[in-house]
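Participant: Here is my input; please provide its structure:
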Amino acid sequence: MLQEADYVIIGAGPAGCALAARLAASPTRPSVALVEAGRPRPSVFSTVPLGVAALVPFGNPYNYAYRTPPQTGLGGRRGYVPRGRGVGGSSLINAMIYIRGQPEDYDGWAAQGCDGWSWADLLPLFRRAEGNSRGADALHGGAGPLAVSDLASPSPLSLDFVAAAQAAGYAANGDFNGPSQEGVGLYQVFQRHGARLDAGSAYLAQAAAWPHLAVLSGCRAERLLFEGRRATGVMVRDAAGPRPLRARCEVVLAAGAIASPQVLLLSGIGPGADLARLGIPLLAEAPEVGRNLQDHLDYPVHQFLRGPGLVGFGPGTLLRAAAALPAYRRGHGLLTSNVAEAGGFVRSGPGVERPDVQFHFCVGIVEHHARRLHAATGITLHVCALRPESRGTVGLTSPDAGAAPRIDPQFLSAPADQELMLKGARAAHRILAAEPLARHGGTLLHGRLEADDDDLLALIRAQADTIYHPAGTCRMGADDRAVVTPALRVRGVEGLRVADASIMPTLVSGNTQAPSAMIGEKAADLILKGRP
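Facilitator: Residues are numbered from 1 along each chain as shown. Here you go, the predicted model:
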């Protein structure tokens, strides 16, 4: 039973897997322990891309399926917060979409004092991580561990969405990670030969060749261990019970924007008054731990219709899935669909400098917030505000590490977010009313395309929820209140870093798997730079 390692990494999501692999493969060969509460391998529902429809809406061994407190901005509804559980983290259950964000996102971090985090600094890390089937160029990597591919068999309705969006006035874009993010098109996905490639499978494929890397699955981090103010390890719990796991050099929290602040708080690092109410001794006053939560709120427009390449989630789909198995084994067909096949990035108005709204076009109807799959076929056009002003919190409900955290995104608490969601919804309605989508007819599940602002805002409050991109809860910055420094070191203690989406000062403009892996890559460089 492993008792110590040079580096103990908590959390095997995209950031943790990237960090563990880069450390283990480095010439200095440090010993690394990667601690993960979930299972060691993905399920068949994860590997088969279409299985995302079954993994996201419901709690299961691969999905924590948290709930929020009632959200005032959502009409008093409790929100739904799926989070991946297992080696691979949320890359086991997400829609596999490869998006980096906009260069201005990262230049904004640098302008806030985060030296070394500009777009020019980070592009080489994105390229190093990327293995794009289109090959390498000045903006893309062709040999990295994260396989990125074009969709093998996109639905004709996804192509109709792209054409309808063009008819509504938006330009086509064949590469959202190219010179410009703006426009509409098909997404590239984290797939290899039509199958999902989660971050664990991607980064740890050579783990057997690294005997100094131990992946400890089924092992939950309960709290950090300290000698004075220096982190010396973590108390973990596995099937045999609780035990200490020591770190000779550093502990790195890479458990994500929900679990990383949770572990810090359980360890006595956070707002002292909050910890005192739960009887947790204060180790270091850190008022922003768990604050600054940002997430992409998503408004879905569901439309029942018939058409080629659409899926319903009834007995008919099971028969079609069985019939599609031979094609899937050859790397194409229905089962290779990530459901959210197409989308785009648009500006909400003529005075907006860069895209502030994202679309996800889905070839089925899944009401994630209601945890409901529909047997009838249809489409869903999702709208999210890319850079929300609303800020929420992550906190503890109990000093018990096994208790679910309190996740309160405070959606639509900023009036500007309400206005932007209205504009984005209007844009989505224009696309659905444009040819060639309009010729398919169909019936809206909720509301109507011609709703006035009051009715539409009420509909957004009734239907919107997260699209699963929480960030910011261990904010990086140069100021004294920031939780971590630009070197990712936790202020107020020693021997401890955080490396995941929680360190983002502001949320990136798009899906977060690729940026999270980049943060793991960056953490590896920062750590290895300081090693002899």
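
Participant: domain assignment for this protein?
Facilitator: 1-147+192-293+394-410+469-531, 152-186+296-390+413-463 (the TED database).

Participant: next one: the longest one to chain centre, how far?
Facilitator: Relative to its chain's centre, domain 1-147+192-293+394-410+469-531 lies at 10 Å (CA atoms, centre = their mean, to the nearest Å).

Participant: So what would you say the end-to-end distance of it is?
Facilitator: 27 Å (CA to CA, to the nearest Å).

Participant: And the shortest one, by the same measure?
Facilitator: Using CA to CA, the gap from the first to the last residue of domain 152-186+296-390+413-463 comes to 31 Å.

Participant: circling back to that earlier point, most tightly surrounded among the domains of the chain?
Facilitator: Highest mean neighbour count of the domains of the chain: domain 1-147+192-293+394-410+469-531, a mean of 21 (counted as mean count of other CB atoms under 10 Å). Quick note: C-beta positions are derived from backbone N, CA and C, even for glycine.

Participant: all strands of the stretch 101-250 of the chain, in order?
Facilitator: 130-132, 146-150, 183-186, 188-189, 191-192, 195-196, 213-216, 220-227, 230-238, 241-253 (DSSP state E, counting those that start in this stretch).

Participant: okay if I get these as a markdown table plus distance to residue 342 and mean pLDDT?
Facilitator: Formatted as a markdown table, these follow (distance: least, CB to CB, whole Å; pLDDT from 0 to 100):
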| stretch | distance to residue 342 | mean pLDDT |
| --- | --- | --- |
| strand 130-132 | 18 | 98 |
| strand 146-150 | 12 | 98 |
| strand 183-186 | 5 | 98 |
| strand 188-189 | 11 | 98 |
| strand 191-192 | 15 | 98 |
| strand 195-196 | 18 | 98 |
| strand 213-216 | 35 | 97 |
| strand 220-227 | 38 | 98 |
| strand 230-238 | 42 | 98 |
| strand 241-253 | 35 | 98 |
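
Participant: Can you say which of those strands is nearest to residue 53?
Facilitator: Proximity to residue 53 (CB to CB) singles out strand 195-196 among the strands of the stretch 101-250 of the chain, at 12.7 Å.

Participant: per-stretch mean pLDDT over the domains of the chain, give me the minimum one.
Facilitator: Least confident of the domains of the chain, judged by mean pLDDT, is domain 152-186+296-390+413-463 with a mean of 93.

Participant: Looking at the strands of the stretch 101-250 of the chain, which is nearest to residue 456?
Facilitator: When the strands of the stretch 101-250 of the chain are compared by CB to CB, strand 183-186 sits nearest residue 456, at 21.7 Å.

Participant: Give me the helices and strands touching the closest one, please.
Facilitator: helix 156-167, strand 340-346 (3 or more CB pairs under 8 Å, 6 or more residues apart in numbering; DSSP states H and E).

Participant: Dump the ones you listed into CSV; add distance to residue 295 as well.
Facilitator: Output for the helices and strands packed on strand 183-186, formatted as CSV (distance: least, CB to CB, whole Å):
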stretch, distance to residue 295
helix 156-167, 25
strand 340-346, 17
